[in-house]
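Engineer: quick one: sequence plus predicted model below, questions after.
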Amino acid sequence: MPRRRLGAVLLASSLVVGASLASGAPTVKPPSNEDCLTCHGETDAKRADGRPVFVSKDKFASSVHGQAGLACVDCHADLAASTEFPHPEKLAPAQCASCHADVVSDYGKSVHAEARQRGGSLAATCVDCHGTHDILSAKDPASPTYALNLPGTCARCHGNPDVIRKGHIAIGNVAALYEDSIHGRAVLRSGLVTAPNCKTCHGMHDIRRSSDQASKVFRGNIPATCGSCHQGIERLYQEGIHGTLLRNGDKRAPVCTDCHTAHHIRQADVEAWRLDVVKECGNCHAESQETFRDTYHGQVTSLGFARIATCSDCHRAHDIHPASDPRSTVSAAGRVATCQKCHPGTNEKFARYDPHPNPKNRTRNPLLFYGAIFMKWLLVGVMAFFGLHTVLWFPRSWRARREENAEEPPPREGEKR
């Protein structure tokens with residue numbers, strides 16, 4: 001510390017102590033913000049280890065704490081009764097809980113707090129997201145927790161390869177995935193403050209692991225989390241077979257992230273999505289995917305043409321019902337109308353077409369089952385017959401070739417044979 005500043009601080013300290021002793025007061029007047037800024041207001045202020053301790057007077061004044069009239073000693077409480085200047089090198093950390101008890105309590109339940117308790121010092125704390133002396137309201141466009149800035153704030157850790165590696169973050173670089181998603185483009189490129197950002201799905205201070213039943217991204221809670229924005233879609237999902245299975249405790253029932261993924265969510269009305277949705281459905285319905293690929297619809301989609309019917313065109317996307325349910329678009333009552341969406345003028349006879357023919361399933365289609373067996377054995381029989389014919393014909397052909405060569409006269413001298 002420069003001698004001039006140190007002298008001024010010591011003089012102020014001696015005056016305070018002297019006044020206290022003269023009056024017999026039991027307490028010491030705490031240092032004011034101006035006292036603290038006498039040293040910390042200098043841009044070159046550093047600790048003994050070289051770390052800067054500069055505090056911008058203007059930034060603090062415009063912060064939420066400065067505007068609320070808080071003093072330095074309100075956060076740095078161990079200096080409130082200190083008369084020692086300069087103060088000790090190591091001070092007790094500021095306790096946010098003294099004012100924000102509920103928020104700190106929520107943070108204590110989070111995955112970040114859990115990681116720090118296990119010794120994961122890289123896990124985020126209050127200052128990592130909010131800052132220190134320049135904390136702004138989340139409604140302030142300059143705040144790191146403002147809706148448009150929050151993805152970048154989270155990306156400091158969740159988009160940093162070094163932090164991901166050292167912190168053993170299993171989910172990897174989710175910041176890059178989010179940036180390319182439909183949600184990320186809406187926030188980062190279109191500037192929509194109403195579009196989902198990190199806290200929309202994960203919460204703010206009480207961010208929990210996806211395996212925690214209290215987490216907003218716990219498997220059973222995902223429909224409600226997505227439904228906070230997509231309310232109409234959630235209602236359809238809850239009415240469908242997938243939502244019903246999930247409510248009944250079936251953990252295999254697909255939720256939003258199974259089809260749309262968690263961070264790299266794409267627009268659903270583009271050709272790439274329409275073609276890939278067959279794979280998504282096939283993750284659970286492998287047999288249906290295989291039989292679909294054998295049909296005209298499946299063969300054409302495999303060639304990259306998106307104007308052909310896929311799973312959602314027949315079964316719908318969110319309010320999917322079993323074929324036995326009258327509400328289903330592939331039920332006996334609704335099948336004709338479903339086919340007419342692509343094939344106008346079709347009738348009930350046309351709608352009897354089987355979109356998932358399985359030659360191995362005798363119960364579903366006996367004619368196809370026995371027809372496939374007949375064709376298989378017919379192929380085996382034809383190949384066996386002509387194979388045997390070729391084997392039997394070879395000795396005769398070989399003898400005939402030798403006899404032909406024996407009867408042919410030898411070539412004359414100088415004549416090529």
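Structural biologist: In hand now; what should we look at?

Engineer: setting aside sequence neighbours, what's the nearest residue to residue 222?
Structural biologist: Taking C-beta to C-beta, 6 or more residues apart in numbering as the measure, residue 222 lies nearest to residue 255, with 4.4 Å between them; neighbours along the chain are not counted. Placement of C-beta: from N, CA and C, glycine included.

Engineer: all strands of the stretch 51-200 of the chain, in order?
Structural biologist: Here the stretch 51-200 of the chain has no strands by DSSP state E, counting those that start in this stretch.

Engineer: for it, what spans make up the helices?
Structural biologist: Under the criterion DSSP state H, counting those that start in this stretch, the stretch 51-200 of the chain contains helices at 57-62, 64-67, 72-75, 101-107, 111-117, 126-130, 150-158, 161-166, 174-179, 182-188, 198-202.

Engineer: ok, back up a step: pLDDT score assigned to the residue nearest to residue 222?
Structural biologist: Taken from the predicted model, the pLDDT recorded for residue 255 is 97.

Engineer: correct me if wrong: it contacts residue 223.
Structural biologist: Yes: under the criterion of C-beta atoms under 8 Å, residue 255 makes contact with residue 223 at 5.8 Å.

Engineer: tell me where the stretch 51-200 of the chain is predicted with low confidence.
Structural biologist: Applying pLDDT under 70 to the stretch 51-200 of the chain flags residues 83, 120.

Engineer: spatially central residue in the protein, please.
Structural biologist: Here the mean C-alpha position of the chain is nearest to the C-alpha of residue 263 (C-alpha atoms, centre = their mean), at a distance of 2.4 Å.

Engineer: pretty sure it contacts residue 181?
Structural biologist: Yes: Residue 263 is in contact with residue 181 according to C-beta under 8 Å; the separation is 6.1 Å.

Engineer: where do the helices of the stretch 301-417 of the chain begin and end?
Structural biologist: 311-315, 335-340, 366-407.

Engineer: of those, which is nearest residue 190?
Structural biologist: Ranking these by distance to residue 190, with C-beta to C-beta as the measure, places helix 311-315 first at 26.2 Å.

Engineer: and for that closest one, what's in contact with it?
Structural biologist: 274, 277-278, 281, 288, 292, 328-330, 338, 341-342, 355 (C-beta atoms under 8 Å, 6 or more residues apart in numbering).

Engineer: helix, strand, or coil at residue 266?
Structural biologist: Three states are possible here, and by DSSP: H, G, I helix; E, B strand; the rest coil the one that applies to residue 266 is coil.

Engineer: count the neighbours of it for me.
Structural biologist: A count of nearby residues for residue 266, using other C-beta atoms under 10 Å, gives 14.

Engineer: I appreciate the help and will end here.
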